[in-house]
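Undergrad: Dropping a prediction and its sequence here:
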4 protein chains.
Amino acid sequence: MDAERERPEPAEQQEEAALRSDTGRAVGFSDAVFAIIITLLVLDLRTPEVPPGGLLHALLDQWPVYLAYVTSYLYVAVNWLNHKGTFHRIRCTDRGLHWFNLGVLFSVALLPFVTAVVSRAVQSGDRFDERVAVALYGLVGVVLSAAWLGLYHHLNRHRDLLQAHTSPRFFAVERLRAVLGIVLYAAAGMVGWLVSVPVALVVFLLLPLFYGLSSNGFYDLRRRVRRHR
Amino acid sequence: MDAERERPEPAEQQEEAALRSDTGRAVGFSDAVFAIIITLLVLDLRTPEVPPGGLLHALLDQWPVYLAYVTSYLYVAVNWLNHKGTFHRIRCTDRGLHWFNLGVLFSVALLPFVTAVVSRAVQSGDRFDERVAVALYGLVGVVLSAAWLGLYHHLNRHRDLLQAHTSPRFFAVERLRAVLGIVLYAAAGMVGWLVSVPVALVVFLLLPLFYGLSSNGFYDLRRRVRRHR
Amino acid sequence: MDAERERPEPAEQQEEAALRSDTGRAVGFSDAVFAIIITLLVLDLRTPEVPPGGLLHALLDQWPVYLAYVTSYLYVAVNWLNHKGTFHRIRCTDRGLHWFNLGVLFSVALLPFVTAVVSRAVQSGDRFDERVAVALYGLVGVVLSAAWLGLYHHLNRHRDLLQAHTSPRFFAVERLRAVLGIVLYAAAGMVGWLVSVPVALVVFLLLPLFYGLSSNGFYDLRRRVRRHR
Amino acid sequence: MDAERERPEPAEQQEEAALRSDTGRAVGFSDAVFAIIITLLVLDLRTPEVPPGGLLHALLDQWPVYLAYVTSYLYVAVNWLNHKGTFHRIRCTDRGLHWFNLGVLFSVALLPFVTAVVSRAVQSGDRFDERVAVALYGLVGVVLSAAWLGLYHHLNRHRDLLQAHTSPRFFAVERLRAVLGIVLYAAAGMVGWLVSVPVALVVFLLLPLFYGLSSNGFYDLRRRVRRHR
């Protein structure tokens, strides 16, 4: 009787299977969101409205906007590569995975905003504005790393969602990358607020490079380091 | 003779088959529309234009914009999950299905607009503006639920469009969810207009949570509740 | 010798095959463009900036923006359905097909602009502005119909690009729909300019309905009419 | 022993394979970015805000915006065709290919900006502004050609990433196209700065046509020329 009760009838079994779907739509939707976010800052590259003869000066004057565009583009690109590397190892999705993925997309979408806040504070704010902007940037970095941590943790706990070719330890190790991100962005934000804005900015510029190099995971990084020895 | 007349010639049969196509393009197009809508409100997160030293105050001051971004993001995300759960059960499309799908996308696209209207009325309008904004939000909630009802009803009447693994009763039951949405959004809008704006706002915040939990249908919700007992 | 010269060597044959690719990318790119265009007018739905108490009046006052949103949405939706119906019958693409497709996307992208021009002229222009706006709308309708005509003509001349299930007469007949579009939009534009703006506007509203009904081609329309008799 | 050390254990081999993934996501992401860029300039087609009766004059007055839209659309379209022709010959991706692809997308995203700068300088700047704008346009043309050169060079050095049907010499030859682009855009920019703005503009208009004709590679162009003799 109990065994009967445990075993779902075929119709329900099919519905059960239906709940776990392949990653196609999550990937297509995420790619579109990443594409929109990565081009959002291009909208800030505007033709300066200046009197005749002032174009060159006005174009050079908005250099923080160019720097913000480059930085934001790199950071979003690294997140896209991370996303690609992650979903490449996923076989099917469940409800929790979708929500953690939506959390990552939500946080990535904040990057153009906080990058613009920092670039404007550097360009036309005072020292206090700069500290506020740098702390805000660090906060969003923490939120984004936490979103990745949630996603990695979920995947580590639900290994039936993973591809057969994925090492069972992969996402357990990846969580360390996300924890490191939380610590480093929090530290950089606090250094920027309490000690030195330029130091924090340099850390912010270097962190995406580190994540770009390790976007296929510590596993891969270790192997590549080993190979070059 | 009549039998002959009923049976279409092969060429027409092939054209007939051509009219029923797989869901690939409807899904790809919908994903892109959802991705754009979900990022539209990020455009409202703007660097405040303030004199030096005023950044922190200005950033804190635009809290309704942040809340609107979060709310709108959640609501659109829930609709995307609903859409995914629905099309996962569809095998092929006909003309009617496309138009009902376009109706859902049309209504979802109104969410950022009405969310911004509510957040602005709360921030800088008077009591009358708040009642207007809340009623408008309820109205769009009714329109969106009605669009889903149309889609579910069409799918219930054309079960040849469904996947083999889909329970024949699935979309018949889903219609109840949509009807419930119409009733609740209409009620919340009227409560907001006639009685209390805050009560309506709380209902608006809770409704997406309910739809998020049941985005795989009442069927699934029932089974999950049963499993946890 | 000549036979030898006619027959390309294998390597070139493979390159030749490479030039004719499946429709996947053209379809994905077009879907994204359609999705962006169909949501562009949502950006014009803005929270009115009014003193407290004026929200309701201001919201009602911008009714032409709502009407423009609905009209533009319908017209773009019909074009997407046309596009879907067309590419559903295409097996592979060549360079010319890509350029005609890019021409259709170029013209569709003009719709939000001219719709906004018409709605603004009706709302706050004088009689002369209305005539200008209606003539401009008719002109873009002609350009869009001409782009479709080019695409259909190309497909009719290169039937090796079509799916096996596509009737060889299909795109030959479809060209008539496009020619009809050119004539009717030109006529409506001229009527609006010379005789009566409202008559032209009614024609502009009705034309997408006609194209929506026949978006699977005259072939299909004829069969459906026959079936209902 | 050494042979053992060289041969990676199966688990690592599988991870290795995982790093080389098919082109699906790179293509989907790129298509969405191209779609956004190609429609960005439509946002500059705005209904002129003029007193009643002034619509026609105002619409005609913004002709450089229309020209900029057409030019930018064509240039982005040609880049999309180039991208399609390139990825059609790619079997799988590695990390380097992703970064070169992201570099191409980054540079293409600058086109709407510099096109708008040129059109504005022609419309309302003085002679010095025009020279600045033309030089900037040439600079972005150089950057974009350099991004393509990097991509082609990477593909030429990693022929294991290519499809079986791709001629091994293909991307070696394509590099010449990119080098030619660098030279011609640099030359046109310098001519515009030092000698004559109109000459530079004509070159800028003609270059996309050349790239459009050769978007399937010199290989194809040569064969088509031969066939027409």
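TA: Received the coordinates, thanks.
Undergrad: Look up how far chain D lies from A:A68.
TA: 14 Å (Cβ to the nearest Cβ, to the nearest Å). Backbone N, C-alpha and C define where each C-beta goes, glycine included.
Undergrad: these two touch, right, that residue and A:D44?
TA: Yes. Shown here, A:A68 and A:D44 form a contact pair, counting by Cβ atoms under 8 Å, at 7.3 Å.
Undergrad: neighbour count winner among the two?
TA: Neighbour count, other Cβ atoms under 10 Å in any protein chain shown: between A:A68 and A:D44, A:A68 has more, with 24 against 19.
Undergrad: hang on, the earlier thing: okay, and the common contacts of A:A68 and A:D44?
TA: Residues touching both A:A68 and A:D44 by Cβ atoms under 8 Å, 6 or more residues apart in numbering or on different chains: A:A116.
Undergrad: quick one: A:N82 and A:L151 touch, right?
TA: No. In this structure A:N82 lies outside contact range of A:L151 using Cβ under 8 Å: 9.7 Å.
Undergrad: More neighbours: which of those two?
TA: Ranked by neighbour count (other Cβ under 10 Å), A:N82 and A:L151 place A:L151 first, with 26 against 23.
Undergrad: What helix or strand is the more buried one located in?
TA: helix A:127-157 (DSSP states H and E).
Undergrad: Please identify the buried residues of that helix?
TA: For helix A:127-157, the neighbour count (16 or more other Cβ atoms under 10 Å in any protein chain shown) marks A:129-138, A:140-142, A:144-156 as buried.
Undergrad: got it, and stretch A:171-184?
TA: A:171, A:174-175, A:177-178, A:180-182, A:184.
Undergrad: backbone phi and psi for A:A186, please?
TA: The phi/psi pair for A:A186 (degrees, to the nearest 10) reads phi -60, psi -40.
Undergrad: Now do the same contact list for the closest residue to it other than its chain neighbours.
TA: The shortest distance from A:A186 to any non-neighbouring residue, by Cβ to Cβ, 6 or more residues apart in numbering or on different chains, is to A:V142 (5.2 Å). Residues near A:V142 by Cβ under 8 Å, 6+ apart: A:181-182, A:185-186, A:189.
Undergrad: Would you mind measuring from A:V142 to A:R120?
TA: Distance of A:V142 to A:R120, given as Cβ to Cβ, to the nearest Å: 21 Å.
Undergrad: can you check A:P198 too?
TA: For A:P198 relative to A:R120 (Cβ to Cβ), the value is 17 Å.
Undergrad: okay, the two: which has more neighbours?
TA: Using other Cβ under 10 Å as the criterion, A:P198 and A:R120 rank with A:R120 on top: 21 against 12.
Undergrad: Contact partners for the more buried one?
TA: A:64, A:133, B:47.
Undergrad: Name the SS class of the residue at minimal distance from the centre of chain A, please.
TA: Nearest to the mean C-alpha position of chain A, counting by Cα atoms, centre = their mean, stands A:N79 at 4.0 Å. Counting by DSSP: H, G, I helix; E, B strand; the rest coil, the backbone at A:N79 sits in helix.
Undergrad: For A:P112, which non-adjacent residue is closest in space?
TA: Closest to A:P112 by Cβ to Cβ, 6+ apart is A:L40, at 4.5 Å.
Undergrad: any idea which helix or strand carries the one you found?
TA: Going by DSSP H and E, A:L40 is part of helix A:24-40.
Undergrad: what's the spacing between that helix and its chain's center?
TA: 12 Å (Cα atoms, centre = their mean, to the nearest Å).
Undergrad: And the strands in chain A?
TA: Counting by DSSP state E, chain A forms no strands at all.
Undergrad: which bits of it sit near chain D?
TA: Within reach of chain D by Cβ under 8 Å from any Cβ of the partner chain, chain A has these residues: A:27-28, A:31-32, A:34-36, A:38-39, A:42-43, A:45-47, A:52-56, A:59, A:73, A:77, A:80-81, A:84, A:87-89, A:163, A:165-167, A:170, A:215-216, A:219-220, A:223.
Undergrad: Among those, which ones lie close to chain C?
TA: Applying Cβ under 8 Å from any Cβ, the subset of the residues of chain A next to chain D adjacent to chain C comprises A:32, A:35.
Undergrad: Produce a PyMOL select command limited to the buried residues of the residues of chain A next to chain D.
TA: Command for PyMOL that selects the buried part of the residues of chain A next to chain D, burial taken from 16+ other Cβ under 10 Å:
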select buried, chain A and resi 27+28+31+32+34+35+36+38+39+42+45+47+54+55+56+59+73+77+80+81+84+87+88+89+165+166+167+170+215+216+219+220+223
